[in-house]
Structure formats: structure tokens, C-alpha cells
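Undergrad: Sequence first, then the predicted structure:
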Amino acid sequence: MAKYKFKTTDETRPKSDRIDYDEIDKSLAASIQSRLGEWFADKPVKLSGQWYKIGNQGSLSVNQYDGHWHSFEDDQSGKGMLSLYAYRYNVSLEQAAEDLQSNVVPFRAARQEPAKKPKVEQWEHASIPPTDCPDSHFDNGKADHVYRYRGRDGSAIGVIMRWDATEEKGKDIRPLSWVQFHNKQDPEWKWCAFAEPRPLYRGERIDREGGKPILIVEGEKCVEAAEKHLPDWIVISWPGGSSAVNKCDWSGFEGRRVAIWPDNDEAGIKAAESIKRHIQHAEIIDVAGFGEKEDLADIIEAGEIERAIEMLPSDDSIFVNLDDILSGELEPELPTVAPSISGECLLYAGRINEIHGEPSVGKTNITLSIIGTELLMGRDVVFIDPEDNPQGIVKRAVAFGIPKESIRRHLKYVHDPAPEDVKAVMAWADRNNPSVVSIDGLAEMISLCGFKEDDAVSILGFFREYVRPFTSCGAAVLLSDHVVKSTEGRGTWSRGSGAKMGRYDGVSYMVTLAKPYSPNQAGAVKFTIAKDRNGGIGTKGEEVFMAYIEPKNGVTDVQIRRMRKEDTMPMDEIKQIVEMVKEWQRHGEYPNKGTIYAHDYGSKMTEKRIRDLLKMSVECEYLEYIRLDGERWDRVKVGSKAPE
């Protein structure tokens, strides 16, 4: 029977000139694969069973034997390759025949993809349980494996069928969903993926067996192999393979012990890392000692189940082993990151550190000065910036004397990130171990991630999800925050919920201007401890570091060093007294405090003030006391460390 009827235009031609559509189709059917490769060169073409699947989603199916086809994208179909050509290039059947009969195919633009309409779901998973469970597919026949999926409450979701690889074809996996269409009375089976968020295989056990630990593996085959040997564990997986991890429901694991056994390849490790971002307390099992691409089912089949069991976390693994700590020297923990010019470091590694101060202090400048030492030593630094822009940060870094090559190679800059960007940076940090992760603008970051800085519960959630994970790679986390506007009762705290201060397990500094500075004027910034949990730097309220900022030869030289006694003293007044003593000493005289007070300079100060200044000058060895023979009162002379 002919596939095509002659058009009217053909009937007007002599029979000898008429185009035989069926003959052309028969000719095309002999070279279906090559024709598809030519006509759909811009799309993937994959053979699945007896059908060529075309496009990323395989929405166009072409039969490999006779070329009949169907497009699920726009519900068009045809009986052979001739009609497929006409469909592809949007021409008439007659024109398609002429193109193909001449063997000289002119350049034609391919059919434009139909505009995708907003997806409106026409179904949902049915609440009425099915009375049957299908085990075959209309093309692939009876499945080798049928995996039943249920919701957390045990309701039927669907099945996944698997056909193992044979000599003729590779393995095939098809999902079949139990659904209720909105326009139909009875539920039915539909060949499609499960609705998102997708359920987990054996996920119905999680709530039902609340006391058991959970082992996550990749693939239903691994679940069924492992659960036979691990009766004390709930073994689960997810549908869709490594690329579908984020389409599944990973909620409800709080308070449960969770381990992830990845497939031993790049995709498997990435999938495990993605799951851990959803379940942050989960432990990823190190499978590097097993064969490449081996999964847990392969390991069990190879008779290594005992070795695998030993690698799973036990009840005792919940608790930290304190033996190594107790057997070592219990020295106070000291900061080891970002050394100052005097040798002491400013930040604790593997802990959350913070600076806060007025906008006029220039907290970003201070942050760049701190991380600059790490960049100069060739260490990677992550700089997460929700406030400025890349040009501004780079200009400042160069202005502070950080070499361009150090910036280029070691500064990992992240601009105005979305929450998923921060999670991606966490994964990068786990693999690359930066020395510092800086978030320059804590309040803005909290808001970007959907939390509230004045709500304690919200703050705890933000730190748990977006800050604390950075410490697991050993990085010193450095946050920059604001202070409250009112100076009354402010103390040394940053603004917002006090829960923030509770999260700082490193050091928190309040930074204040000791002397205003600008691009053309030297100044200084003082670091005062707001909190030092470990006590390795100092006590609360102690002034510990000073940043000296001085423009020199087109760059700004910043030197941070531990504060000296003289940094906290009124040096202008002390120097005036020292100069006064020098002048007397040049005339062979040594004054006492009464002499100084009686001097014209003393008329501007109280006697107590002069006594205090003399005491401080002696402590710094700018002056020293002497007592002349026969005199009752001490006199002063210039000391060994008097300023020039």
C-alpha cells in the first residue's frame, strides 16, 4: 500500500514525469542513520532499542527500520523519511521529493524549534494505591529489574524498570509513574519521571525506623545488594543517577547518623558532595582504595563486604576520639594565619574570626591588609564580596602594595553571590584548602542568603549553613561587620543579634581609628579584642594590634604589628616633657616633678597629670629617676630609650 497520495499538481504531469514518493522513501530507508546525522547535525542522535532519539530530551523518535517518526515536542508524525525531511526543513512534500531526487540538496534553514509554553502540570501522583505493578515496556519487553518507589508515608509513586546490557544493546532504564490526571476520574500509569522533589528508593523506611543510621548509595542495585548485609542500617538511593541528585527530597535527616558511599569515579564523588550540601552532617566514605568506578554492589560481589562494613561509621564514631589530644602537649591554641610585622598572627585557622567597626575605619582596607600577607606567601585566599565590585577590590589591593601576580594567582574573588554560589565555593574550598575565606560584608551576606541579622534563630541557621562549613577545610574564616549606630552602651560588640558573637570561635576585633588616614595622609587603626575564645591573643577589651597606614611612592604601606606600651600612651605630651628634661640636662640640671609643674608648661596641667606622665615615661625608659646626695626628692634625667 502506498504511503503517499499524488498531489493534484502531480496528476497534471505525464505519468513518466510524476514523482514516486514511495520509491524515494524506500531509497531513504536504506540509509536512515547517515541521513539523520546529516539532517540533524546540530543535535544528538542516539539509538535506543529500535528508535533513534533526537535532541537532548529525545523528543523526536525515528524508527530505525522504516523511518516512521513522531515528534513529542509538537505532536507531529510521519510515515517515512521523506515526510521527516519536509518536517525538518519546513517545505512541502513535493519540494522535499525534488530536493532528494536530484541528489543536490540546497541549503535550507532547519525548522525553528517551537516556543516552549510555560509548563503546567496536568497530573499529580495518585493517592489511590494501584492494584497492579507493571514489569514490561512496549518496546523493551519484560524488565530485568523492577524497583518500586514510595513516598515517605508509604504511598505508591511509581516504578523504575531496568534492562541489563546485552551484546545487541546497552542497559536501559525507564521510569513509570502512578498518576492522577486532573481531567480524568481514575488514576493510571504514565511513562515519565517522578514529580519533583523526587522520592528516595527505600525512603519510606526513614521515618518508620527512626533509630537506625542511614547509608546513601548510588543506584537501586546497590541498595538491594547492601541491605542484605547491613540489617542495622537503612540503605537508600535516589532516581535518575548522579546528574539528578538535586531533584530529590533530602529533607528530614536532622538528628540522624548519615553516611554516603559514592561510586568510585568523578561523577560519583560529585554526587556525594552534592548530597552533603543538602545533609551537611553526613560523612562521605573514602573509597579511594577500591577499584576505579566500583560501586558498593561491585565490592560486595567481590567478597569484600567485611572490609566495607569496617569503613562505615560506628556508634562510637559519633564521639570525638580524645586520645591524641590527651597524649599531646595541652598548650593553648595560638593564631597561625596572617602574621603581623612583629611576628604574631592575627587569625585562628579552622575557626571563625571577625572584625567590626565604623564605616570611616575602612574595614575592607583592613581586611585586604590582613589577607595580603597570605597572598604574598603564595597561599590561596577566597574573598566573597556582596558590597563592592572586582575593579574596586583589585585597585585597592594593588594600592596596598599587593603584587598583581599574587592577586592573579591566589585571590579567588566571588562577587555578589547567590546562595547556590556560596555552596559551590564551599565545595571548591574542600578540594583546594585556602588559608583564608573572607566575607567582606556580613550583614549583606546574611540578607542575600535569606536570613535576618537581628533574629537569633535565623543567625544560627545562617552560620550553620553558609559559614561554619568553610572551617572544615582548615581555613581561617574572616568576617567583616558593622557596629550599631548609637555609641551609647555599644561596648565592643557588632550590631545585630548577639548570637553572631556566640558563633565566633576564633577572635573578634573591634577596629577604631587611632589617627585618621587618607590616600594622602598617614594614619593608624587600632585592634581591640571583643572576644578571644582561646585566649591566644589577649583578653576582652585589650588593645592588641595597630595598623600603621602611610602613603609612600604611589602605594599605601600598611604595617600591622603588636601594640607597644607607647602605642597606648599620650606621646605628644610625653615628648614635650622629655624635651623639657633634655633642655635642663644640657644646662647641667635635673628637675623634679615640682620643678616641672612650676615651669610654664606645668601651668597648663595638674600636678597629678604630670606625675602620671613621668611614671609612663620612666616605664618606657624615656626618663629615669636619680637622687642626688643629701636630697629627699627624686629627680629625673633622660633615659636610654628617649625618642630623638
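TA: Happy to help now that I have it. Numbering: from 1, shown residues only.

Undergrad: Now the closest residue to Asn534 other than its chain neighbours: phi and psi?
TA: Nearest residue to Asn534 in three dimensions, chain neighbours excluded: Glu333, at 4.4 Å (CB to CB, 6 or more residues apart in numbering). For every residue, glycine as well, the C-beta is placed using N, CA and C. Backbone torsions for Glu333, taken as degrees, to the nearest 10, come to phi -70, psi 130.

Undergrad: Likewise for Lys190?
TA: The phi/psi pair for Lys190 (degrees, to the nearest 10) is phi -140, psi 130.

Undergrad: What of Ser508?
TA: phi -120, psi 130.

Undergrad: Make sure the residue nearest to Asn534 is actually in contact with Gly536.
TA: Yes - at 5.5 Å, Glu333 and Gly536 qualify as touching, with contact defined as CB atoms under 8 Å.

Undergrad: Mutual contacts of the two, please.
TA: Tyr348 (CB atoms under 8 Å, 6 or more residues apart in numbering).

Undergrad: quick one on the thing from earlier: now do the residue nearest to Asn534 against Leu47, distance only.
TA: Going from Glu333 to Leu47 by CB to CB, to the nearest Å gives 62 Å.

Undergrad: Ile537: how many residues sit nearby?
TA: Residues near Ile537, counting by other CB atoms under 10 Å, number 22.

Undergrad: just checking, it touches Val507?
TA: Yes - shown here, Ile537 and Val507 form a contact pair, counting by CB under 8 Å, at 5.5 Å.

Undergrad: list the residues that contact both of these two?
TA: Contacts common to Ile537 and Val507, judged by CB under 8 Å, 6+ apart, are Pro335, Leu346, Ile529.

Undergrad: Most neighbours among those, please name it.
TA: Leu346 leads the shared contacts of Ile537 and Val507 on contacts (other CB under 10 Å) with 26 neighbours.

Undergrad: what's Leu623 in contact with, if anything?
TA: Counted by CB under 8 Å, 6+ apart, Leu623 has contacts Ile577, Val578, Val581, Leu614, Ser617, Val636, Lys637, Val638, Gly639, Ala642.

Undergrad: can you tell me which of those residues are in helices?
TA: Ile577, Val578, Val581, Leu614, Ser617 (DSSP state H).

Undergrad: now these as JSON lines including pLDDT, distance to Asp135 and neighbour count?
TA: Shown next, in JSON lines, are the ones in helices among the contacts of Leu623 (pLDDT from 0 to 100; distance: CB to CB, whole Å; neighbours: other CB atoms under 10 Å):
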{"residue": "Ile577", "pLDDT": "82", "distance to Asp135": "99", "neighbour count": "24"}
{"residue": "Val578", "pLDDT": "85", "distance to Asp135": "98", "neighbour count": "21"}
{"residue": "Val581", "pLDDT": "87", "distance to Asp135": "103", "neighbour count": "24"}
{"residue": "Leu614", "pLDDT": "82", "distance to Asp135": "98", "neighbour count": "22"}
{"residue": "Ser617", "pLDDT": "82", "distance to Asp135": "95", "neighbour count": "25"}
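
Undergrad: Of the residues you listed, just say which sits nearest to Met311.
TA: Ser617 (67.3 Å; CB to CB).

Undergrad: Not counting its neighbours along the chain, what's nearest the closest one?
TA: Leu623 is the one closest to Ser617 (CB to CB, 6+ apart), at 4.2 Å.

Undergrad: Gly154 too?
TA: Per CB to CB, 6+ apart, closest to Gly154 is Glu204, 4.8 Å.

Undergrad: OK, contacts around the one you found?
TA: Arg150, Gly151, Arg152, Asp153, Gly154.

Undergrad: Distance of the last one relative to Val146?
TA: Same thing as Gly154. Distance from Gly154 to Val146, by CB to CB: 18 Å.

Undergrad: Those two: who's more crowded?
TA: Val146 (16 against 12).

Undergrad: Chain neighbours aside, what residue packs nearest to the more buried one?
TA: In space, Val146 is closest to Asp135, 4.9 Å off (CB to CB, 6+ apart).

Undergrad: Report the buried residues of stretch 626-640.
TA: Neighbour counts over stretch 626-640 (16 or more other CB atoms under 10 Å) mark Arg635, Val636, Lys637, Val638, Gly639 as buried.

Undergrad: so how far does it reach from one end to the other?
TA: Using CA to CA, to the nearest Å, the end-to-end distance of stretch 626-640 comes out at 14 Å.

Undergrad: Identify the residues contacting it?
TA: Under CB under 8 Å, 6+ apart, the answer for stretch 626-640 is 578, 581-582, 585, 590-594, 614, 617-618, 620-625.

Undergrad: and these, which are buried?
TA: Using 16+ other CB under 10 Å, the buried ones in these are Val578, Val581, Tyr590, Pro591, Asn592, Lys593, Leu614, Ser617, Cys620, Tyr622, Leu623.
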